[in-house]
Structures are given as C-alpha cells and as structure tokens.
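Student: Next input, structure requested:
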Amino acid sequence: MKVLEQLKNTDRIFAMVIIAVSMVLYWYIGGMEEPYSPGALSASTYPRLVLGCTIFVSLLLIFRPARLPAKSDSTSQRGVLIIILMVAYISLLETVGFFILTPVVLILIPIVAGLKRYRLILLSVFVVLLGLYGVFVEVLNIPLPQGLLGE
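Tutor: Residues are numbered from 1 along each chain as shown. Presented below is the predicted three-dimensional model:
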C-alpha cells in the first residue's frame with residue numbers, strides 16, 4: 001500500500017506542476033492581440049481552450065489520482081524520449097521546415113511509444129499531414145514553416 005500512496009502523491013504533485021505551468025501560459029497568452037470585430041475568434045482562443053482543458057484534467061488528477069501501480073522504468077524512459085523529441089521538433093521547425101520534420105516526428109513518436117503497426121503509422125502520418133495542410137494552408141490561409149524547402 002505504501003507504493004500506492006506514493007503514486008497518488010506523485011500524481012498530485014505532477015498535476016499541481018501542470019496547473020502552475022498552464023496558468024503561466026494562460027497569463028502569457030493574455031497579451032495576444034484580440035480581434036476587432038465582436039464574436040470573432042482571436043489567435044489566443046485555441047491555446048486558451050487547450051490550457052483550460054489541461055487545467056481541468058489536472059484538477060481531476062488531484063482529486064482522483066491514479067489507482068494503478070507504477071509502471072516500469074521503460075515507460076518513464078519512453079516518456080522522457082518523447083518529450084525530448086518534441087523539444088527538438090519545436091526548436092528545429094523553423095530551420096528544417098514543417099513538411100520535412102513533421103513526418104519524421106509523427107513516425108518516431110509511435111515507434112518510441114512501442115507501437116509496431118508500421119502501415120497504420122504511415123497511414124496516420126499521411127492523414128494527419130493532409131489534414132493539417134488542408135486546415136492551415138487551404139482553409140485558414142496560414143503558411144506553414146518552409147525551412148529547407150523555402151524560397
């Protein structure tokens with residue numbers, strides 16, 4: 001039972017850290033320019049929505065922490081590897097470009113997580129890239145970072 005209690009406390013501490021980071025980011029987003037017309041969505045709407053959901057889920061974790069025993073260290077190592085991968089993705093996105101770097105990251109994350117269905121991974125990468133291109137470039141008319149493919 002002692003391990004179970006430690007896990008509950010670890011979940012609560014992690015949730016509090018996530019809430020604190022989310023609140024700082026929410027405050028930081030407050031400086032984004034608001035739209036001029038009433039009812040229009042601003043650039044801060046989506047990040048605020050995601051941060052609000054993150055705070056809500058973290059609050060749930062504080063009040064109802066996980067009841068499962070701790071997983072092995074390999075799960076933690078995979079999580080750390082995925083976080084490092086995402087930090088590298090964010091830092092290299094402008095330089096390398098969206099259309100080169102994103103497929104690589106979308107292929108590596110499931111592999112690092114332990115998935116072995118490579119055809120499904122490749123299909124999902126294609127669908128996600130097509131969807132992101134359609135939404136950002138075609139619908140919203142927002143250019144994606146070109147990087148090495150740029151002019």
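
Student: List the contacts of residue 121.
Tutor: 106-107, 110-111, 115 (C-beta atoms under 8 Å, 6 or more residues apart in numbering). For every residue, glycine as well, the C-beta is placed using N, CA and C.

Student: Which of the three states applies to residue 144?
Tutor: In three-state terms, and counting by DSSP: H, G, I helix; E, B strand; the rest coil, residue 144 is coil.

Student: ok, now how distant is the most centrally placed residue in the chain from residue 59?
Tutor: Central residue of the chain (C-alpha atoms, centre = their mean): residue 86, 8.1 Å from the mean position. Using C-beta to C-beta, to the nearest Å, residue 86 is found at 24 Å from residue 59.

Student: hmm, back to that, quick check, nearest of the contacts of residue 121 to residue 136?
Tutor: Proximity of the contacts of residue 121 to residue 136 (C-beta to C-beta) peaks at residue 106, which lies at 15.4 Å.

Student: contacting residues for the closest one?
Tutor: 121, 124-125, 128-129.

Student: Off-centre distance for the helix or strand hosting residue 59?
Tutor: Secondary structure from DSSP states H and E places residue 59 in helix 45-63. Remark: helix 45-63 is offset 13 Å from the chain centroid, using C-alpha atoms, centre = their mean, to the nearest Å.

Student: Pull out the buried residues from stretch 107-122.
Tutor: 108-110, 112, 121 (16 or more other C-beta atoms under 10 Å).

Student: Out of these, which sit inside helices?
Tutor: If you go by DSSP state H, those have 108-110, 112, 121 in helices.

Student: that older thread, so how far is residue 9 from the residue nearest to the centre of the chain?
Tutor: Using C-beta to C-beta, we find residue 86 at a distance of 26 Å from residue 9.

Student: SS state for residue 116?
Tutor: coil.

Student: That one and residue 110, how far apart?
Tutor: Distance, residue 116 to residue 110, by C-beta to C-beta: 9 Å.

Student: same deal with residue 145?
Tutor: Taking C-beta to C-beta, one finds residue 145 at 23 Å from residue 110.

Student: can you check residue 45 too?
Tutor: Residue 45 sits 29 Å away from residue 110, going by C-beta to C-beta.

Student: Kindly report the same for residue 9.
Tutor: Distance from residue 9 to residue 110, by C-beta to C-beta: 31 Å.
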